[in-house]
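S.K.: Everything below, folded, please.
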Amino acid sequence: MNLFSSSSFLVAMMFACLAPATRAADRPNVVFILADDIGYGDLSCYGAKHARTPNLDRLAAQGCRFTDAHSPASTCTPTRRALLTGVYSWRQQPGSSIAPGDAAITIPPGTSTVASLLKSAGYRTGIVGKWHLGLGPDGGPDWNGDIKPSPNDLGFDSSFIMAATGDRVPTVYIQDRRIVGLDSKDPITVSYKNKVGTEPTGRENPELLKLKHTHGHDMTIVNGVGRIGWMTGGQSARWKDEDMSDTFAGKAIKFIEESQGAPFFLYFATHGIHVPRVPHPRFKGTSPVGTRGDAIHELDDAVGQVLAKLDALKLTERTLVIFTSDNGGVMDDGYEDVGKFDYHPNAPLRGTKGTLFEGGHRVPFLARWPGKIKAGSESPALLAHLDMPATLAALVGVKVPAGQCGDSVNVLPALLGETKTSPRKDFVAHVGGTKGPFGVRDGTWKYISPGAGGYGKAAKGENKGKAAGQPQLYNLANDLAEERNLAASEPAKLKEMEALLARLRGQ
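M.R.: Down below sits the predicted model:
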């Protein structure tokens with residue numbers, strides 16, 4: 001080897017050794033914030049007049065506001081499963097519908113998730129907040145022992161979660177594999193089939209009968225609030241609803257503090273603004289539209305606490321922050337503020353949570369990474385939460401294992417604002433279950449199968465009379481509110497969209 005070739009070889013080897021360290025140093029921390037039941041029109045930066053969201057508006061001003069982003073379903077559990085796994089939840093039974101609080105885990109250990117992909121790239125991974133994807137083996141978890149499987153078996157190094165929602169038992173926090181504050185002398189029993197304990201239920205309480213009618217489930221009073229299912233025990237372990245937002249924000253901040261020495265991924269799944277809405281007293285009466293608006297203010301404050309910690313630790317420039325929602329907003333909860341206030345949480349879209357119309361699944365989506373994402377930008381690129389596994393894997397330079405995350409599309413160039421278009425060309429809208437109902441997007445065209453649109457009161461209010469049994473076809477380019485059904489006037493396009501949905505569903 002001559003001197004020139006030897007020198008070239010040494011230089012090449014030096015850069016080869018430095019390259020991985022340089023790439024690692026350039027990889028951002030990732031904070032993914034998933035709110036609950038926040039609609040497209042619920043934030044000031046998306047036009048809301050009924051609430052003030054200065055911290056979320058700051059994210060928009062310092063990053064990009066996406067206008068065509070979608071939750072994989074218009075309900076919570078199937079959205080969360082698809083977000084983590086990159087697979088439409090309607091492709092498999094577990095996790096395809098809203099899970100009870102005592103469900104077995106709906107993601108089998110060994111499945112690739114956003115967390116496991118980033119962990120393989122050297123990230124410290126954590127989840128704080130709402131889980132709602134089941135825990136434990138078939139038959140449900142052992143609430144009084146080690147809870148396995150759990151998020152800690154799906155790529156998360158640490159977890160501080162609630163099992164389901166605030167209106168479903170058990171009303172306890174779980175840290176890693178154990179219930180926080182559990183007294184072995186006061187064991188927990190949870191059932192969604194048979195009454196346990198002595199708490200009053202909807203059978204004895206007229207107000208709970210009203211809630212039961214709305215939700216379609218038996219309910220019991222726990223900590224003074226109506227909850228789905230029955231629970232006994234664990235008195236010292238139960239949470240206080242008014243402290244939940246601050247508790248989760250505090251745990252998110254602690255994870256950031258403990259992880260700042262290396263790249264980290266935080267999945268911060270807030271409970272806000274899901275019912276029961278019991279905001280801390282400092283937020284009560286701060287909104288002109290009652291408790292729902294107050295809860296939005298509390299959610300914005302929780303986001304602000306996390307952003308302030310990133311600032312204090314000088315991590316802002318090195319952190320990609322994403323904020324979005326698990327489905328569209330809803331007012332028809334059976335709670336005290338319904339019908340009192342005239343505003344639309346999903347304006348200007350039609351529909352609500354639980355429907356296939358845009359208001360059910362087109363959601364706010366904000367992304368900030370200073371120096372990488374242009375401040376104050378806006379993007380019409382089509383993307384969905386189930387694109388996060390492929391996208392974040394590409395961001396950190398890891399390969400998705402074969403056979404995993406099959407519906408996830410790498411939309412990183414669109415996320416970073418390098419393009420206003422997206423490689424995602426179609427999207428299947430879903431409510432719950434493996435058999436639908438379904439809708440499908442192809443470019444600006446939207447098809448909803450006959451009889452669909454949603455379920456329960458949400459659907460009945462949106463599909464009336466003969467229209468409920470007919471296919472629906474809309475061109476969102478000039479009809480974002482889905483007011484003009486073109487199924488009769490565009491038969492060729494209708495047939496094309498029906499075929500597309502069948503193909504995507506594997507039929």
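
S.K.: Please enumerate the helices of the protein.
M.R.: For the chain, the helices defined by DSSP state H occupy 3-26, 54-62, 76-85, 114-120, 206-215, 244-259, 291-312, 358-361, 388-396, 412-415, 456-462, 491-504.

S.K.: so which of those helices gets nearest Gly443?
M.R.: Closest approach to Gly443 among these (C-beta to C-beta): helix 491-504, 10.4 Å. In short, each C-beta sits where N, CA and C put it, glycine included.

S.K.: quick revisit: got the helices of the chain as TSV, with mean pLDDT and mean neighbour count columns?
M.R.: Formatted as TSV, the helices of the chain follow (pLDDT from 0 to 100; neighbours: other C-beta atoms under 10 Å):
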stretch	mean pLDDT	mean neighbour count
helix 3-26	43	10
helix 54-62	98	20
helix 76-85	98	28
helix 114-120	98	23
helix 206-215	57	16
helix 244-259	98	20
helix 291-312	97	22
helix 358-361	97	32
helix 388-396	98	24
helix 412-415	98	22
helix 456-462	50	17
helix 491-504	98	15
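
S.K.: Make CSV from these and add distance to Ser96 to it.
M.R.: Compiled in CSV, the helices of the chain are given as follows (distance: least, C-beta to C-beta, whole Å):
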stretch, distance to Ser96
helix 3-26, 37
helix 54-62, 30
helix 76-85, 5
helix 114-120, 19
helix 206-215, 19
helix 244-259, 26
helix 291-312, 27
helix 358-361, 15
helix 388-396, 18
helix 412-415, 27
helix 456-462, 17
helix 491-504, 15
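
S.K.: And the chain, what are its domain boundaries?
M.R.: Per automatic domain parsing, the structural domains of the chain span 26-188+233-413, 437-504.

S.K.: Highest mean neighbour count out of the ones you listed?
M.R.: Neighbour counts (mean count of other C-beta atoms under 10 Å) averaged over each of those peak at domain 26-188+233-413, with a mean of 21.

S.K.: For Lys420, which residues are in contact?
M.R.: 379-381, 414 (C-beta atoms under 8 Å, 6 or more residues apart in numbering).

S.K.: next one: His274
M.R.: Counted by C-beta under 8 Å, 6+ apart, His274 has contacts 36-37, 76, 130, 165-167.

S.K.: One more pass at 7 Å, please.
M.R.: Counting by C-beta atoms under 7 Å, 6 or more residues apart in numbering, His274 touches 36-37, 165-166.

S.K.: Find the pair from the residues you listed with maximum spatial separation.
M.R.: Top of the distance list for these (C-beta to C-beta): Asp37 and Gly166, 11.3 Å.

S.K.: Including distance to Asp426, could the domains of the chain go into JSON lines?
M.R.: Converted to JSON lines, the domains of the chain look like this (distance: least, C-beta to C-beta, whole Å):
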{"stretch": "domain 26-188+233-413", "distance to Asp426": "9"}
{"stretch": "domain 437-504", "distance to Asp426": "5"}
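
S.K.: Which of these has the lowest mean pLDDT?
M.R.: Among the domains of the chain, domain 437-504 carries the lowest mean pLDDT, a mean of 85.

S.K.: Could you tell me the end-to-end distance of that one?
M.R.: 14 Å (C-alpha to C-alpha, to the nearest Å).

S.K.: Same question for stretch 232-250.
M.R.: End-to-end distance for stretch 232-250, by C-alpha to C-alpha: 28 Å.

S.K.: Check what contacts it and list those residues.
M.R.: So stretch 232-250 is contacted by 128-129, 166, 170-173, 179-183, 186-189, 196-197, 223, 225, 270-272, 276, 278-281, 298, 302, 305-306 (C-beta under 7 Å, 6+ apart).

S.K.: Among those, which ones are in strands?
M.R.: Secondary structure defined by DSSP state E assigns 128-129, 173, 179, 189, 225 of the contacts of stretch 232-250 to strands.

S.K.: Between all of those, which two are separated the most?
M.R.: Val128 and Thr189 (26.4 Å).

S.K.: how far away is the residue nearest to Leu133 when sequence neighbours are not counted from Arg227?
M.R.: Of all residues not flanking Leu133 in the chain, Thr106 sits nearest, at 5.0 Å (C-beta to C-beta, 6 or more residues apart in numbering). In this structure, Thr106 and Arg227 are 21 Å apart, going by C-beta to C-beta, to the nearest Å.

S.K.: now Ala115
M.R.: Noted for Ala115: a distance of 29 Å to Arg227, by C-beta to C-beta.

S.K.: Same check on Arg424?
M.R.: Going from Arg424 to Arg227 by C-beta to C-beta gives 38 Å.

S.K.: So between the two, which is more surrounded?
M.R.: Each of Arg424 and Arg227 has its neighbours counted (other C-beta atoms under 10 Å); Arg227 has more, 25 against 21.

S.K.: list the contacts for that one?
M.R.: 167-169, 171, 219-220.

S.K.: swap in Pro72?
M.R.: Contact partners of Pro72, counting by C-beta under 7 Å, 6+ apart, are 78-79, 82-83, 88-89, 384-386, 430.

S.K.: cool, Gly293 as well?
M.R.: Residues near Gly293 by C-beta under 7 Å, 6+ apart: 50-51, 287.

S.K.: Now distance to Lys374 too, for the residues you listed, in a markdown table please.
M.R.: Listed next are the contacts of Gly293 as a markdown table, based on distance: C-beta to C-beta, whole Å:
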| residue | distance to Lys374 |
| --- | --- |
| His50 | 29 |
| Ala51 | 26 |
| Ser287 | 32 |
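
S.K.: Grab the most central residue of this structure for me.
M.R.: Asp326 (3.3 Å; C-alpha atoms, centre = their mean).

S.K.: What sits closest to that one if chain neighbours are left out?
M.R.: Spatially, and ignoring its direct neighbours in sequence, Asp326 is nearest to Thr79 (4.5 Å; C-beta to C-beta, 6+ apart).

S.K.: contacting residues around the one you found?
M.R.: Each residue near Thr79 by C-beta under 7 Å, 6+ apart is listed here: 71-73, 326-327, 385.

S.K.: From the residues you listed, pick the one nearest Val363.
M.R.: Nearest to Val363 out of those is Ser71 (C-beta to C-beta; 5.3 Å).

S.K.: Quick check: phi and psi on Ser150?
M.R.: Dihedral pair for Ser150: phi -150, psi -180, per degrees, to the nearest 10.

S.K.: need the contact list for it.
M.R.: 135, 159, 177.

S.K.: residues in contact with the first one?
M.R.: This points to Leu135. Contacts for Leu135 were tallied using C-beta under 7 Å, 6+ apart; they are 105, 141, 147, 150, 163.

S.K.: Distance-wise, check it relative to Pro141.
M.R.: In terms of C-beta to C-beta, Leu135 sits 4 Å off from Pro141.

S.K.: what do the two both touch?
M.R.: Taking C-beta under 7 Å, 6+ apart as the contact rule, Leu135 and Pro141 both touch Ile147.

S.K.: The residue nearest to the centre of the chain and Gly136, how far apart?
M.R.: Distance, Asp326 to Gly136, by C-beta to C-beta: 22 Å.

S.K.: swap in Gly329?
M.R.: 32 Å.

S.K.: And the residue lying closest to His132 once chain neighbours are set aside, how close does it get to Thr106?
M.R.: Leaving out its chain neighbours, the residue that sits closest to His132 by C-beta to C-beta, 6+ apart is Ala164, at 4.7 Å. Per C-beta to C-beta, Ala164 is found 12 Å from Thr106.

S.K.: Need the residues touching each of the two.
M.R.: Ala99.

S.K.: Check the burial of Gly433 by counting its neighbours.
M.R.: Number of residues near Gly433 (other C-beta under 10 Å) recorded here: 18.
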